[in-house]
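**Student:** Okay, here's the prediction I keep looking at, along with the sequence it came from:
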Amino acid sequence: MTPEHSTSLATTEDDALLHPIPNPGIEHHAERYTDVDAKAADRAYKQVVGIFGLVPLLAIAFVVIYFAVPRHATANLLGVNWHVHTTLLGLTGGLAVLLIGVGAIHWSRQLMNDTEIAEDRHAAASTDEERAGFVDVVNQGIRDAGVSRRKMIVASLGGALGIVAVPAIVTLADIGPYPTAANRRETIEKTVWADGVRVVNDANRLPLKASDIEIGQLVNAEPENLWDLHGKDYMNMKSKTPLVVVRMDPNTIKIPESRKDWHVGGILAYSKICTHVGCPISLWEQQTHHLLCPCHQSTFDLGNSGVVVFGPAARALPQLPLKVDAEGYLVAQSDFTVPVGPSYFERDSRNDYKDGDE
Amino acid sequence: MRLGSSRRRHRAARPLSLVLALFLMGALYAALSPATQVAADTGMSAQVAEGKALFQVTCSSCHGLNGEGTTQGPSLVGVGAAAVEFQMATNRMPMAKPGAQAPRKVVQYTAEEINNIARYVHTLGPGPDIPNSSAYDYSALTDEDIAKGGELFRTNCSACHQAAANGGALPNGKYAPALHGVEPLHIYEAMRTGPQQMPVFSAGAIPDEDVAAIIGYLKGIEEQPSSGFSLGGLGPVTEGFAGWVIGIGGLCLIATWIASTGARAK
């Protein structure tokens, strides 16, 4: 294609609207050093062969290293510990593949013909005769099927196809329990925390004596009866029951009138599940009383009923009412008074604690 | 039985009997009261006295002449010897300058000086004492114990110190330090005393054998060789940064090289 041909495309009025800037055509071809200087071309040729020639050497080195270097050998270089085997395999194998690419590009840039050409696409549309023929075939088929005379056939076929979707949709009911209010109360809005359930340390399951907990202490706790559950039930419950139990000087924190008997001498228990999207949180600064969620930096003030002081969480952390049993161990007074964890569409958030509530 | 009855009416009888009674009381008290100090205690007292003298020079400008605390520093009543040993043996205290957090520095005090101050502060109020090394002995742990230590670490410590104990950031310039290479004694003391923003982890929830298991786990991951550049071991932030800048940046350079027009003869 010549440049003259390209510019002639933009002559009609439509083309002028579609292409307000005239098509500059193909760039003028300028010759490379390798096109005009045989020595330069020979140099480039040797470079490309040299690059490709390194690849077998690297491939052989890879195989030698694979067998020769001990698997667990380590070496210290640049103050960093390296696994010699995998590092050398990566270097030789990676470099071999890279050099194939580098050689190919160098070849095409320096030695292959670099004269640009433009090749016009053929028209996408079929010819008029072909289109008319297709319409004839379709109309003939409709006539032959008798659809226009026996209309019920099409209607009943449509109905038959439509009804097949119903069994498919009904099977979706297996996905889970129906999210009715009664179901929610028994599942996501309920935990095994209840009156008299002992608070035990997570991992070692030690029951917690109120007198052993010091000011500034944090305990990651679970209900003692959590381990009565097994399998799926255990995992479901464990995603709702975790607590952070902290002790603060009750004279330096805000305890609202409605929660004044929820703590034991400054020992307060909060849900460990962030109210934003449900990450477990126990990053607690004992001097500021702030609990930070590592996922999105929501920050809760445990010295003020768990209200949000920063971040995307919208609701205070649910607090668990605590008391001590006859032997002095921490136990729950009841389940959480509001559902724990992240929000969901049907959640009633009117009972959540808001900053300043009494 | 009448003997002396006439003398009792003597004018001097009353003051004399008073003097006699006082003398008897004094003699009885001197005979029955406990000895003032036992000789064995003097060594400890000297330690406390030396500690107090050093405390008043190095610590009192912030913590008050008697450790009662000032606006510059908290009260040390009841922090215990363990807290002093932790803060001074890692030279977090004395602080070089006020700031969000006292960083770990090269230790300037001898173990004896630190111990003297610790003994003095321990007399201010009851608090955790410097433990015996047997309390956190992790040499005889089984693999099972170390696995339990790992579970305890991930439950209680990893929220701040990060799963590989490389430390992490806290708000306003504060941070949880990396735990690699920290003395087992200092790990124990930090858990029991809760320095700076760290909560306390007392023996009531995490007994000594569990602390030893956590220390054993930490020493275990310290010995595991890392490979290549760990990029701080901080997870997606540094790794993503390196991936984008080096990986995608490199691809951009190669794409530019492929598409560019090379040198021309004229």
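**Tutor:** Structure's in. What do you need? Numbers count the residues shown, from 1 in each chain, chains lettered A, B, ... in the order given.
**Student:** residue in the stretch 101-250 of chain B nearest to chain A?
**Tutor:** Per Cβ to the nearest Cβ, B:Gly204 is where the stretch 101-250 of chain B lies closest to chain A, at 2.5 Å. To be clear about C-beta, it is placed using only N, CA and C from the backbone, and glycine gets the same treatment.
**Student:** Tell me the pLDDT of that residue.
**Tutor:** You'll see B:Gly204 listed with a pLDDT of 89.
**Student:** now swap in the one 10 residues further on and tell me
**Tutor:** As predicted, B:Ile214 sits at a pLDDT of 95.
**Student:** Not counting its neighbours along the chain, what's nearest it?
**Tutor:** Nearest in space to B:Ile214, with sequence neighbours left out and distances taken as Cβ to Cβ, 6 or more residues apart in numbering or on different chains, is B:Gly149 at 4.6 Å.
**Student:** hmm, back to that, gap between the residue of the stretch 101-250 of chain B closest to chain A and B:His122?
**Tutor:** Using Cβ to Cβ, to the nearest Å, B:Gly204 is found at 21 Å from B:His122.
**Student:** Who has more neighbours out of these two?
**Tutor:** Using other Cβ atoms under 10 Å in any protein chain shown, the more surrounded residue of B:Gly204 and B:His122 is B:His122, with 24 against 18.
**Student:** Contacts only, for that one.
**Tutor:** B:Gly80, B:Ala81, B:Val84, B:Asp129 (Cβ atoms under 8 Å, 6 or more residues apart in numbering or on different chains).
**Student:** Include secondary structure, pLDDT and distance to chain A when you put those into TSV, please.
**Tutor:** Below are those laid out as TSV (DSSP: H, G, I helix; E, B strand; the rest coil; pLDDT from 0 to 100; distance: Cβ to the nearest Cβ, whole Å):
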residue	secondary structure	pLDDT	distance to chain A
B:Gly80	helix	90	11
B:Ala81	helix	91	16
B:Val84	helix	92	16
B:Asp129	coil	89	14
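**Student:** Pick out the most distant pair among the residues you listed.
**Tutor:** B:Val84 and B:Asp129 (10.4 Å; Cβ to Cβ).
**Student:** More neighbours: these two, which one.
**Tutor:** B:Val84 (29 against 15).
**Student:** Flag every residue of the stretch 51-200 of chain A that's near chain B.
**Tutor:** A:Thr74, A:Val80, A:Asn81, A:Trp82, A:His83, A:Thr86, A:Thr87, A:Ile105, A:Arg109, A:Gln110 (Cβ under 8 Å from any Cβ of the partner chain).
**Student:** ok, and the helix or strand in chain B with the lowest average confidence?
**Tutor:** Across the helices and strands of chain B, mean confidence by mean pLDDT, DSSP states H and E is lowest for helix B:41-58: a mean of 82.
**Student:** residues making contact with it?
**Tutor:** Here helix B:41-58 has contacts from B:63, B:65, B:67, B:94, B:113, B:115-121, B:123, using Cβ under 8 Å, 6+ apart.
**Student:** just these that are near chain A?
**Tutor:** Among the contacts of helix B:41-58, not one lies near chain A by Cβ under 8 Å from any Cβ.
**Student:** Which of these are buried, as a ChimeraX select command?
**Tutor:** For the buried members of the contacts of helix B:41-58, the matching ChimeraX selection, counting by 16 or more other Cβ atoms under 10 Å in any protein chain shown, is:
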select /B:63,67,94,115,116,117,118,119,120,121
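**Student:** quick one: contacts for A:Ala181?
**Tutor:** Counting by Cβ under 8 Å, 6+ apart, the residues that A:Ala181 touches are A:Glu346.
**Student:** can you tell me how far it sits from chain B?
**Tutor:** Distance, A:Ala181 to chain B, by Cβ to the nearest Cβ, to the nearest Å: 34 Å.
**Student:** A:Val308: helix or strand, and which one exactly?
**Tutor:** strand A:307-310 (DSSP states H and E).
**Student:** Can you list the strands that the following helix or strand past that strand pairs with?
**Tutor:** On the C-terminal side of strand A:307-310, the nearest following helix or strand under DSSP H and E is strand A:319-320. Partner strands and pairing direction for strand A:319-320 (DSSP bridges) are strand A:267-271 (antiparallel).
**Student:** now the helices: where do they sit in the stretch 51-200 of chain B?
**Tutor:** For the stretch 51-200 of chain B, the helices defined by DSSP state H, counting those that start in this stretch cover B:60-63, B:80-89, B:111-122, B:143-156, B:158-161, B:184-193.
**Student:** mind showing which ranges of the stretch 1-150 of chain A have poor pLDDT?
**Tutor:** A:1-13 (pLDDT under 70).
**Student:** all strands for it, in order.
**Tutor:** Here the stretch 1-150 of chain A has its strands, by DSSP state E, counting those that start in this stretch, at A:74-77, A:80-83.
**Student:** Please work out which of these is packed deepest.
**Tutor:** Most buried of the strands of the stretch 1-150 of chain A, by mean neighbour count (mean count of other Cβ atoms under 10 Å in any protein chain shown): strand A:80-83, with a mean of 16.
**Student:** just to revisit the earlier point, could you report the separation of the residue of the stretch 101-250 of chain B closest to chain A from A:Asn201?
**Tutor:** B:Gly204 is 9 Å from A:Asn201, by Cβ to Cβ.
**Student:** can you pull the contacts of the residue of the stretch 101-250 of chain B closest to chain A?
**Tutor:** Neighbours of B:Gly204 in contact, by Cβ under 8 Å, 6+ apart: A:Leu206, A:Leu208, A:Lys209, A:Ser211, A:Asp212, A:Ile213.
**Student:** gap between the nearest residue to the second one once chain neighbours are set aside and chain B?
**Tutor:** I take that to be A:Leu208. Nearest residue to A:Leu208 in three dimensions, chain neighbours excluded: A:Leu330, at 4.8 Å (Cβ to Cβ, 6+ apart). Separation of A:Leu330 from chain B (Cβ to the nearest Cβ): 10 Å.
**Student:** Tell me the confidence at A:Leu330?
**Tutor:** Looking at A:Leu330, the pLDDT reads 95.
**Student:** mind checking how far the host helix or strand of it is from the chain centre?
**Tutor:** Assessed by DSSP H and E, A:Leu330 sits inside strand A:330-332. Relative to its chain's centre, strand A:330-332 lies at 38 Å (Cα atoms, centre = their mean, to the nearest Å).
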